Each structure stands twice: as C-alpha cells, then as structure tokens.
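1. build me a model from this:
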Amino acid sequence: MKKQHNLFNLFTTFLKIGALTFGGGYAMMPIMRKEVVEKKEWVDDDDILKILIISESTPGVLAVNSATFIGYKIAGFKGSLVATLGVIIPSFITISLISLFIIQFQQLTWVAYAFKGIQAGVAILILKAAMKLSKKIHFNLFAIAILVFSMLFALFMNVSVIYLLLIGAVLGIVYGFLIHVKEAKTDVSNPS
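-> I've put the predicted structure just below:
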C-alpha cells in the first residue's frame, strides 16, 4: 500500500495535520486518517488501528506517538523524525504565542465561547473517528462485555482509565490464551 513519498511531503502533511487540529490526538485521528490513508495511500485502515492501539498504550501524547509511528512505517527513522516535528511545530508555535498574551486572552469572553464551540466540534470528530475505526474491530460477546463494563466503571466508579486499560489487556490475553487452548484441544481430538 506504500506509495511514493519524500520526507518533505511527509513533513508538510503532518505540519498541516498539526496546524488544522484542535482538541488533541483523538480529534486528529480522522484528519490523519484522511490524509495518510485516503489521500496519500501511505498506510491502510488496519495500520491506523494498530498505530492507534500502540500510541494509546505507550507513554506520551497520542498525536505525537501516532505521527512518530506512521512516519516510521512510511520512511523509517527519518520519517518518524520529520512526521513528529511536523505535528508538534504548530502546537509549539501556538502555545508560545498564547503564553505571551494569556492574561489578555483569559479576560475575553468571546475566546471562552470560541473554545466551547471547538469542544463541541472535537466531540463530533472523535465520534466520527471511533465509528470509522470500530468497523475494523472484531466484536464478540467478550469484547462487548469489556466495553460495557469499562464504560460503567469509568463513568460511575471513577476508576482510572489506565487501570481499565491494564485490566482489559490482561483479560484479553487470558481470553486469547483460553481460545488458543480450546482450538488446540479441538485440533488434537479431530485429526484430519
């Protein structure tokens, strides 16, 4: 699926993604997917889903981790470097400028209203990305149970999402091991 690319094109693509995204990594995912899957055809949806899982599982900011992993997949170490720089430069510049005028910004009510509107838009972007990526997930009763219990614990029990991720990972490993053992027993009892 890899198409021809160059490092400058990789840098400018992630610079554009970083400059046009408000709301963090989850809000960035649909834009990133559109650019690197649909427009550039550098990776496919399976790669995006894997990269999202890896990025969520490793320390650091989701957007930076995703850009690093996609850049590496596309062009190795140099690709990861330029994609990471491209995605962080707009935020770095924006935060640097805002920090110069933060006191004045805090007093403007229209700025607060603008951020409320941006939050609503970001929620829609995240929902849209989740819906597209959920098509690649293999749902079964186990996965649905983990999803429901995780949501209930996160919403009503104030359990940290990190603990839920760790518990979900352990349960997934145990479930996979049990399925593997069951399949091995079935193969042994039914030789071809």
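2. so for the chain, the centremost residue is which one?
-> residue 52 (3.9 Å; Cα atoms, centre = their mean).
3. so how far is residue 58 from that residue?
-> Between residue 52 and residue 58 the distance, using Cβ to Cβ, to the nearest Å, works out to 11 Å. Backbone N, C-alpha and C define where each C-beta goes, glycine included.
4. top helix in this structure by residue count?
-> As assigned by DSSP state H, the longest helix anywhere in the chain is helix 62-100.
5. what's that helix packed up against?
-> Contact analysis of helix 62-100 by 3 or more Cβ pairs under 8 Å, 6 or more residues apart in numbering; DSSP states H and E lists helix 7-19, helix 25-33, helix 45-57 as its packing neighbours.
6. give me the number of residues near the closest residue to residue 88 other than its chain neighbours?
-> Nearest residue to residue 88, sequence neighbours excluded (Cβ to Cβ, 6 or more residues apart in numbering): residue 64, at 6.1 Å. Using other Cβ atoms under 10 Å, residue 64 has 18 neighbouring residues.
7. okay, residue 64: pLDDT?
-> On pLDDT, residue 64 comes in at 85.
8. do residue 79 as well
-> With respect to pLDDT, residue 79 has a value of 91.
9. test my guess that it contacts residue 8.
-> No - at 11.4 Å, residue 79 does not count as touching residue 8 under the criterion of Cβ atoms under 8 Å.
10. and the two? which has more neighbours close in?
-> The neighbour comparison of residue 79 against residue 8 (other Cβ under 10 Å) goes to residue 79, with 24 against 10.
11. so who does the residue nearest to the more buried one when sequence neighbours are not counted touch?
-> The spatial neighbour of residue 79 that comes closest, neighbours along the chain excluded (Cβ to Cβ, 6+ apart), is residue 71 at 3.9 Å. Each residue near residue 71 by Cβ atoms under 8 Å, 6 or more residues apart in numbering is listed here: 10, 14, 79-84.
12. let's see 7 Å
-> With contact set as Cβ atoms under 7 Å, 6 or more residues apart in numbering, residue 71 has these partners: 10, 79-80, 82-84.
13. out of the residues you listed, which is most surrounded?
-> With neighbours taken as other Cβ under 10 Å, the top of the contacts of residue 71 is residue 83, carrying 31 neighbours.
14. now the residue lying closest to it once chain neighbours are set aside: how far from residue 64?
-> The spatially closest residue to residue 83, leaving aside those adjacent along the chain, is residue 71, at 2.8 Å (Cβ to Cβ, 6+ apart). When Cβ to Cβ is the yardstick, residue 71 and residue 64 sit 10 Å from each other.
15. identify the contacts common to these two.
-> residue 84.
16. okay, now the domains of this protein?
-> Dividing the chain into domains by automatic domain parsing, as the record does, gives the ranges 1-135, 138-192.
17. gap between the shortest one and the chain center?
-> Between the centre of domain 138-192 and the centre of its chain there are 21 Å (Cα atoms, centre = their mean, to the nearest Å).
18. what mean pLDDT does it have?
-> According to the model, domain 138-192 has a mean pLDDT of 83.
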